[in-house]
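S.K.: just need the structure, nothing else, for what follows:
(chains A and B)
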Protein chains: 2
Amino acid sequence: MARVLNFNPGPAALPISALERAQQELLDFQGTGMSVMEHSHRGKDFEAVHNEAIASIRELLSIPDDYHVLFLQGGASQQFAMVPMNLLPPGRSADYILTGAWGKKAYEEAKNVGTVRVAATTEENKTYVRVPAQGELKLDPEAAYVHFTSNETIHGVQFDQFPDTGKVPLVCDMSSDFMWRKFDVRRFALIYAGAQKNIGPSGITVVIVRKDLVEGARKDIPKIFRYGVHAENNSLYNTPPTFGIYMIRNVMTWIKESGGLSQIEAWNREKARLVYDCLDELSGFYRAPVQKQSRSVMNIVFRLPTEDLEAKLIADAKKAGMVGLKGHRSVGGIRISSYNAMSVDGIKQLVGFMKDFAKANG
Amino acid sequence: MARVLNFNPGPAALPISALERAQQELLDFQGTGMSVMEHSHRGKDFEAVHNEAIASIRELLSIPDDYHVLFLQGGASQQFAMVPMNLLPPGRSADYILTGAWGKKAYEEAKNVGTVRVAATTEENKTYVRVPAQGELKLDPEAAYVHFTSNETIHGVQFDQFPDTGKVPLVCDMSSDFMWRKFDVRRFALIYAGAQKNIGPSGITVVIVRKDLVEGARKDIPKIFRYGVHAENNSLYNTPPTFGIYMIRNVMTWIKESGGLSQIEAWNREKARLVYDCLDELSGFYRAPVQKQSRSVMNIVFRLPTEDLEAKLIADAKKAGMVGLKGHRSVGGIRISSYNAMSVDGIKQLVGFMKDFAKANG
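M.R.: Here you go, the predicted model:
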């Protein structure tokens, strides 16, 4: 079996050890005579997996006790609605910081729920190439919350330092840069992240939310959409996506066995350095539009002199066993998604290929 | 490896061929060098799986072209909210038929969305032992829809014939008896079913909905909760639970290779006959509370003379390699969940055990 180098933007590559563990016990989970998929979500075998997954997330990110860690369904897109449904009461307004397509989508969806305003946008010429400086934020001190997207997967724009919103609760869509480094959870009121980039397969969303915020949340919405209902039930209010939670558990085990988030961060920074150095060295051929201080560690976007050359790079890379490099259909170009499961060696192979490609075609 | 006989109520046993196929290609899906979980949901490899799963559901149930088949997240519990959010406009009312715990839960959640009324309930002495006769339904001819639960997993109550609601759209929670027999889809305006009983792992819900109903549905709700948005995007509006859809595809393949729904129905009816015959023969020991015409083919509930004997039966069965027989925590007793993946032979083993148990303890 030849595994390819998988640069997909999400669903994305998973650590081989997490997959091998799943494969080995797919028909017989820990001697129970059934797959983990066939276990009851209320039985002790699955519950141990569920609780281990939550405990590992808590441990790796040092999540304080006054925060819930929830597993929800529906992806980040459902959180675009659930955040205002829970946290934006009638008569209040929420602020949105826009640095790419996903933040804008979150903002547009929130408009279907309540009153929202744009506290900052870096959109220029129909694209985004940077995060705003702190001084650019026009924050409403009475806002119910401020929402931002820490990493924009499509535009390759990432916050290195998080915005300061004072006493206004900070809500973050961390889908595409969750669990690649440690950060101070206390800066946030609520964080959500679709699993399918850094921590697992698609179909499950992690929500980290301060307990007092949940207690004060709206109760006049359907139960299934209340954070409080899921928190009271340890994310077992209804049947969760058990296999996805199991895979997250496996990925968390891999992170811990790899040396924890300090090692994961070091690898990710090294991978990003290798690629951006290549792009900067060959800036006559490769053009990286994102401003240096806003460059994403996770999703590295760039253009070539022509679309034909971009298509050729994608095709040649595929022949060399490297896939998933096509930029998002809305923006074109090339995108290297380099999540946790992509190794430094994998990136070195890709960079070597990129240098050869530039020499041959530049 | 010794597989147990798994009578879990859901997540439930899956066909061994569906699991083996998943195991075999878990690290390398069809020679692509990556797991199906690592494929982009917008790539042609996954899309083929996605479309095959939908096409198989359409084929097996002969679903007419004027119905959408959608894959959504959040389970049946999310449909409890989404159905009224989409189909119950302000100023209208919806009717609910209650024959067990799940129908009641759907009704309670719908109250958080709009105006609902009970068209019939068979609740007596805090339990349910039958479906209502057609003549018992107090239907509102102006109702936006009538909702019922075709099979109540906890109480073991199943509709053999579906209610007739005339011109009022009929909505059915078919989670626990979906895809075990053919039926006339045209009787329904909308059907939803969590996958984790008869067709796949948890984390995915099939929705079959008439197209005109979707067109007339409410647009003043968040996009992520609109059936129309998912229909327009072939259930790829946001990242779907790709592995769950893949497993559904594998299970549909198994159904087709087994001879289709006529064979699946024959097996299920035979399994139910074997168990109920045993219960009726030994009615001095086993007590099946559900009225004969409402007995569930999928979930067979019964009591023993004492709770101690019930606990002993569960423990002895486990020693004999039969698990998942404990009744729901809200009602106690014994429950045999006998979904598609449970073989006739498996049920024969269980019935043999039950006869021996009654002889030894009766």
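
S.K.: for the longest helix anywhere in chain A, what is the distance to the chain centroid?
M.R.: The residue-count maximum for a helix in chain A (DSSP state H) belongs to helix A:260-281. Counting by C-alpha atoms, centre = their mean, to the nearest Å, helix A:260-281 is centred 17 Å from the centre of its parent chain.

S.K.: buried set for it?
M.R.: A:261, A:264, A:265, A:267, A:268, A:271, A:272, A:274, A:275, A:276, A:278, A:279 (16 or more other C-beta atoms under 10 Å in any protein chain shown). Backbone N, C-alpha and C define where each C-beta goes, glycine included.

S.K.: my read: residue A:238 touches residue A:223, true?
M.R.: No: assessed by C-beta atoms under 8 Å, residue A:238 is found out of contact with residue A:223, at 9.6 Å.

S.K.: those two: which has the busier surroundings?
M.R.: Set residue A:238 next to residue A:223 and count neighbours by other C-beta atoms under 10 Å in any protein chain shown: residue A:238 wins out with 21 against 18.

S.K.: how about the helices in the stretch 251-362 of chain A?
M.R.: Taking DSSP state H, counting those that start in this stretch to define them, one finds helices in the stretch 251-362 of chain A at A:260-281, A:307-319, A:344-361.

S.K.: can you state the direction angle for the last one and helix A:307-319?
M.R.: I take that to be helix A:344-361. Angle, helix A:344-361 to helix A:307-319, by axes from the mean of the first three to the mean of the last three C-alpha atoms, to 10 degrees: 140 degrees.

S.K.: give me the helices and strands touching helix A:344-361, please.
M.R.: Contacts defined by 3 or more C-beta pairs under 8 Å, 6 or more residues apart in numbering or on different chains; DSSP states H and E place helix A:344-361 against strand A:5-6, helix A:260-281, helix A:307-319, strand A:322-323.

S.K.: got the CA coordinates for it in CSV?
M.R.: Output in CSV follows, covering the C-alpha atoms of helix A:344-361 (Å, rounded to 0.1, in the frame of the first residue of the first chain):
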residue,chain,number,x,y,z
VAL,A,344,8.0,17.8,8.2
ASP,A,345,9.4,15.2,5.8
GLY,A,346,6.3,15.4,3.7
ILE,A,347,6.7,19.2,3.4
LYS,A,348,10.4,18.8,2.5
GLN,A,349,9.4,16.6,-0.4
LEU,A,350,6.8,19.1,-1.5
VAL,A,351,9.3,22.0,-1.3
GLY,A,352,11.9,20.0,-3.2
PHE,A,353,9.2,19.4,-5.9
MET,A,354,8.3,23.1,-5.9
LYS,A,355,11.9,24.2,-6.4
ASP,A,356,12.3,21.7,-9.3
PHE,A,357,9.1,22.9,-10.8
ALA,A,358,10.1,26.5,-10.7
LYS,A,359,13.4,25.7,-12.3
ALA,A,360,11.8,23.7,-15.1
ASN,A,361,9.0,26.1,-15.8
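
S.K.: buried ones in that helix?
M.R.: Of all the residues in helix A:344-361, those buried under the rule 16+ other C-beta under 10 Å are A:346, A:347, A:349, A:350, A:351, A:353, A:354, A:357, A:358.

S.K.: pLDDT added to the residues you listed, as CSV?
M.R.: As requested, those are arranged in CSV below (pLDDT from 0 to 100):
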residue, pLDDT
A:346, 98
A:347, 98
A:349, 98
A:350, 98
A:351, 98
A:353, 98
A:354, 98
A:357, 98
A:358, 98
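
S.K.: and which of these is nearest to chain B?
M.R.: The closest of the buried residues of helix A:344-361 to chain B turns out to be residue A:346 (C-beta to the nearest C-beta; 12.5 Å).

S.K.: now do the same contact list for the closest one.
M.R.: By C-beta atoms under 8 Å, 6 or more residues apart in numbering or on different chains, residue A:346 lies in contact with residue A:5.

S.K.: do you know how far it is from residue A:336?
M.R.: 10 Å (C-beta to C-beta, to the nearest Å).

S.K.: one more: residue A:264?
M.R.: Residue A:264 sits 18 Å away from residue A:336, going by C-beta to C-beta.

S.K.: hmm, back to that, dump the helices and strands packed on helix A:344-361 to a markdown table, plus mean pLDDT and distance to residue A:41.
M.R.: Formatted as a markdown table, these follow (pLDDT from 0 to 100; distance: least, C-beta to C-beta, whole Å):
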| stretch | mean pLDDT | distance to residue A:41 |
| --- | --- | --- |
| strand A:5-6 | 98 | 30 |
| helix A:260-281 | 98 | 28 |
| helix A:307-319 | 98 | 40 |
| strand A:322-323 | 98 | 34 |
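
S.K.: of those, which is nearest chain B?
M.R.: In terms of C-beta to the nearest C-beta, the element of these nearest to chain B is strand A:5-6, at 5.0 Å.

S.K.: past the closest one, which element shows up next along the chain?
M.R.: Per DSSP states H and E, strand A:5-6 leads on to helix A:16-24 as the next helix or strand towards the C-terminus.

S.K.: say whether chain B is contacted by that next one.
M.R.: Yes: for helix A:16-24, a contact with chain B is found by C-beta under 8 Å from any C-beta of the partner chain, at A:16, A:19, A:20, A:22, A:23.

S.K.: burial check on the second one, number of neighbours?
M.R.: Just to be clear, that refers to residue A:19. By other C-beta under 10 Å, the residues close to residue A:19 number 25.

S.K.: read off the pLDDT value for it.
M.R.: On the pLDDT scale, residue A:19 is placed at 98.

S.K.: in contact with it: list those residues for me.
M.R.: By C-beta under 8 Å, 6+ apart, the contact list for residue A:19 reads A:250, B:26, B:27, B:35, B:37.

S.K.: list the contacts of residue A:114.
M.R.: Residue A:114 sits next to A:84, A:88, A:89, A:90, A:92, A:93, A:94 when contact means C-beta under 8 Å, 6+ apart.

S.K.: now swap in residue A:249 and tell me
M.R.: Contacts of residue A:249 by C-beta under 8 Å, 6+ apart are A:49, A:50, A:52, A:53, A:56.
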